[in-house]
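# build me a model from this:
(one chain, ligands or ions: 2)
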Amino acid sequence: MTTVTPSFEEFLPEWVARQRWYAGKGSTPQLERLGGLRYEDPDGEVGIETWFLRDTSGPAPVVYQVPLTYRGSPLQGLEKALVARTEHAELGARWVYDGCHDPVGARALLGTVLDERTVTSDGGAGTGRAVGHRAQGGGAMSPVPQPRSSRVLGGEQSNTSIVFESDDPDPAVICKVFRVLHAGENPDVVVQQALAAAGCTLVPAPVGHLAGEWPDADGTPVSGHLAFAQEFLPGVEDAWRVALRAAAAGQDFSSRAHALGAATAEIHQILARTLPVRAADAAAHEELLESWSARARTAQEEVPQLAGHGERIHEVLTAGARAPWPQLQRVHGDYHLGQVLDVPGRGWVILDFEGEPMRPLAERSEPDLALRDVAGMLRSFDYAASSAAQEASTSAAAWARDAREAFLSGYAETSGRHPREDAALLAALELDKALYEAVYEVRNRPDWLPIPLQGVLRALGD
Ligand SMILES: Nc1ncnc2c1ncn2[C@@H]1O[C@H](COP(=O)(O)OP(=O)(O)O)[C@@H](O)[C@H]1O
Ligand SMILES: O=P(O)(O)O[C@H]1O[C@H](CO)[C@@H](O[C@H]2O[C@H](CO)[C@@H](O)[C@H](O)[C@H]2O)[C@H](O)[C@H]1O
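Ligands and ions are numbered 1, 2, ... in the order given. Okay, the predicted model is just below:
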């Protein structure tokens, strides 16, 4: 590989540290290149690569997917996506951009999926391979219109989503580029494709995905998903923002929450029918109790305010683990108001089945308790109420109570069983979620910590 000045080793760590998707907030990345991919620009002008980078600065090494483009002159409008201005030994001045923001880089990625092309190593150190796959079956988007332009979605995201707009009235496409790479199937791809294949319109129509091979953090070759493309539903705010406004204004959210409960139960019914299930035998109870307890330990280590609550946390989790459970099945896994859209004329659409980003991927692909999702959404109504109360200094407790009850009865009417019939299990799952959230907030948004802490205390009955 020809040298560039300044070198990648010099400019990448500082740039990676500033990215929203960088998981090691506050630390300086210790990056090492494990491999890469080279895409072709049909016009032969822009260099398009993806780098697989290992970061060893945190407690456990993390592998990132970092798409980059190289240009011989700056591209107007792309100033914020400039990674570095370098000097290439043979080619002269080079502008290095974040490949997701560069329209040529973005097009190459989507084109690989749509044309089911194979992309191979970029010839630099390490290996890499990627293959595009179109979504199959009745629910898939077909045909996919030619994209006219692309832009990266802003906002609080763990991954990077690129929106491709076409000429009206053709549908737009969103392609999510997974940033932290995990070996194995990504549930976002598998679960949404299974739902759509069953004719379910509660998820966006899938377009296709990019499967890849790269060296894992320990150097072992692994495979998994690199990106997932689906129908984009334009002009719809996610329900978090809608709920926040409603909570602040004291506007009733019950009928929407009721419909969301029903949609959630319908998703669960389809997943139980179409993907593997598992009997909730003694081993399953043990495993989940162990995972709840491990999470509780992490939370107590990282969140000093939880000191002194260990015993009561253990009691609530154990009561949930000892209660009878329904069979285990695939679930959403990180269900909250930011993951659902109330689409005019269509109703609720559910996004992002990737599960909790802080949980190992293999665990997230296992059959789980459907009530985990119910607990997640109940917590989210509390989040919206507490957040609205912080901003407007009003009490939104009644708003949250009504939304929570309406969600539960909508769920019960469709599923045939009221979640409150499993009260001990639901309480343990709400506590487990609040503990997860406390860790998430300490690591990502410390100002938000009081919200899940309040949830923990309530779940403990304090
Ligand atoms: N198909 C879609 N249509 C419209 N908006 C979407 C779609 N997919 C994602 N979004 C928007 O992007 C946000 C982040 O997407 P998400 O899949 O949750 O990414 P992440 O896993 O990085 O959190 C969502 O909250 C939603 O606002
Ligand atoms: O990035 P993801 O959407 O997959 O999820 C992570 O980030 C969420 C925050 O953006 C976090 O959700 C928590 O905050 C939400 C408000 O911003 C709230 O609606 C959720 O109820 C609360 O859990 C989520 O836990 C985390 O995994």
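# show me what contacts residue 55?
16, 23, 24, 29, 30, 31, 61, 62, 63, 64 (Cβ atoms under 8 Å, 6 or more residues apart in numbering). (C-beta placed from N, C-alpha, C; glycine too.)
# in CSV: the residues you listed, plus distance to ligand 1.
Output for these, formatted as CSV (distance: Cβ to the nearest ligand atom, whole Å):
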residue, distance to ligand 1
16, 17
23, 12
24, 17
29, 19
30, 24
31, 21
61, 21
62, 15
63, 17
64, 14
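# now intersect those with the strands, please.
31, 62, 63, 64 (DSSP state E).
# ok, and the closest non-adjacent residue to the third one?
Excluding the flanking residues, the one nearest residue 63 by Cβ to Cβ, 6 or more residues apart in numbering is residue 181, at 4.5 Å.
# cool, and the first one?
Here the nearest residue to residue 31 in space, its sequence neighbours aside, is residue 53; by Cβ to Cβ, 6+ apart that works out to 5.0 Å.
# name the SS class of the one you found, please.
Following DSSP: H, G, I helix; E, B strand; the rest coil, residue 53 is assigned to strand.
# isn't it right next to residue 15, touching?
No - taking Cβ atoms under 8 Å as the definition, residue 53 is not a contact partner of residue 15, at 11.2 Å.
# which of those two has more residues huddled nearby?
Legend: neighbour count by other Cβ atoms under 10 Å for residue 53 and residue 15, higher for residue 53 (23 against 17).
# could you check the pLDDT of that one?
Among the per-residue scores, residue 53 shows a pLDDT of 97.
# just the one 10 residues further on next, same as before
The predicted local distance difference test score for residue 63 is 97.
# confirm for me that it is in contact with residue 51.
No - if you go by Cβ under 8 Å, residue 63 and residue 51 don't touch, sitting 10.4 Å apart.
# which residue ranges of the stretch 151-300 of the chain form helices?
Assigned by DSSP state H, counting those that start in this stretch, the stretch 151-300 of the chain shows helices spanning 187-197, 239-249, 254-274, 282-302.
# skip ahead from the last one and say which helix or strand is next.
The C-terminal neighbour of helix 282-302 among helices and strands, as given by DSSP states H and E, is helix 310-322.
# just the C-alpha atoms of that following helix, please, in CSV.
The C-alpha trace of helix 310-322 is given here as CSV (Å, rounded to 0.1, in the frame of the first residue of the first chain):
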residue,chain,number,x,y,z
GLY,A,310,-28.1,-5.5,45.8
GLU,A,311,-30.1,-7.7,48.1
ARG,A,312,-33.5,-6.4,47.0
ILE,A,313,-32.4,-6.5,43.3
HIS,A,314,-31.5,-10.1,43.7
GLU,A,315,-34.9,-10.8,45.3
VAL,A,316,-37.0,-9.3,42.5
LEU,A,317,-34.9,-11.0,39.8
THR,A,318,-35.1,-14.4,41.6
ALA,A,319,-38.9,-14.1,42.0
GLY,A,320,-39.2,-13.5,38.2
ALA,A,321,-36.9,-16.5,37.5
ARG,A,322,-38.9,-18.8,39.8
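# the helix or strand just after that helix vs ligand 2: in contact?
Downstream of helix 310-322, the next assigned helix or strand under DSSP H and E is strand 340-343. No - judged by Cβ under 6 Å from any ligand atom, strand 340-343 and ligand 2 are separated, with a smallest distance of 9.9 Å.
# which parts of strand 340-343 are buried?
When burial is assessed from 16 or more other Cβ atoms under 10 Å, strand 340-343 yields the following buried residues: 340, 341, 342.
# how about CSV for the residues you listed, with distance to residue 348 and pLDDT added?
Listed next are these as CSV, based on distance: Cβ to Cβ, whole Å; pLDDT from 0 to 100:
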residue, distance to residue 348, pLDDT
340, 6, 98
341, 7, 98
342, 6, 97
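# is residue 318 in contact with residue 289, as I believe?
Yes - judged on Cβ under 8 Å, residue 318 makes contact with residue 289 at a distance of 7.0 Å.
# residue 146: what's it in contact with?
The contact partners of residue 146, by Cβ under 8 Å, 6+ apart, come to residue 166.
# which two in the contacts of residue 55 are spaced the farthest apart?
Between any two of the contacts of residue 55, the greatest separation by Cβ to Cβ is 14.0 Å, found for 16 and 61.
# ok, those two, which is more surrounded?
Applying other Cβ under 10 Å to residue 16 and residue 61 shows that residue 16 carries more neighbours, namely 19 against 15.
# from residue 55, how far off is the residue lying closest to that one once chain neighbours are set aside?
Residue nearest to residue 16 in three dimensions, not counting chain neighbours: residue 29, with 4.8 Å by Cβ to Cβ, 6+ apart. Going from residue 29 to residue 55 by Cβ to Cβ, to the nearest Å gives 5 Å.
# need the overlap of contacts for the two.
Here residue 29 and residue 55 have residue 16 as joint contacts, going by Cβ under 8 Å, 6+ apart.
# could you tell me how far residue 162 is located from residue 105?
Taking Cβ to Cβ, one finds residue 162 at 9 Å from residue 105.
# again but with residue 326, I slipped
Distance from residue 326 to residue 105, counting by Cβ to Cβ: 45 Å.
# same thing with residue 325?
In terms of Cβ to Cβ, residue 325 sits 46 Å off from residue 105.
# quick one, which of these two is more surrounded?
Of the pair residue 325 and residue 105, residue 105 is the one with more neighbours under other Cβ under 10 Å, namely 27 against 18.
# ok, that one - contacts?
Contact analysis of residue 105 by Cβ under 8 Å, 6+ apart lists 39, 46, 48, 67, 68, 69, 97, 99.
# confirm for me that the fourth one is in contact with residue 97.
By that I understand residue 67. No - assessed by Cβ under 8 Å, residue 67 is found out of contact with residue 97, at 9.3 Å.
# those two: which has the busier surroundings?
Using other Cβ under 10 Å, the more surrounded residue of residue 67 and residue 97 is residue 67, with 27 against 24.
# specify the local secondary structure of residue 44.
Following three-state DSSP, residue 44 is assigned to coil.
# how many other residues sit next to it?
Residues contacting residue 44 under the criterion other Cβ under 10 Å number 7.
# and the gap between it and residue 68?
17 Å.
# residues of the helix or strand harbouring residue 410 that come out buried?
Element membership of residue 410 [criterion: DSSP H and E] is helix 397-415. For helix 397-415, a neighbour-count test (16+ other Cβ under 10 Å) marks 399-400, 403-412, 414-415 as buried.
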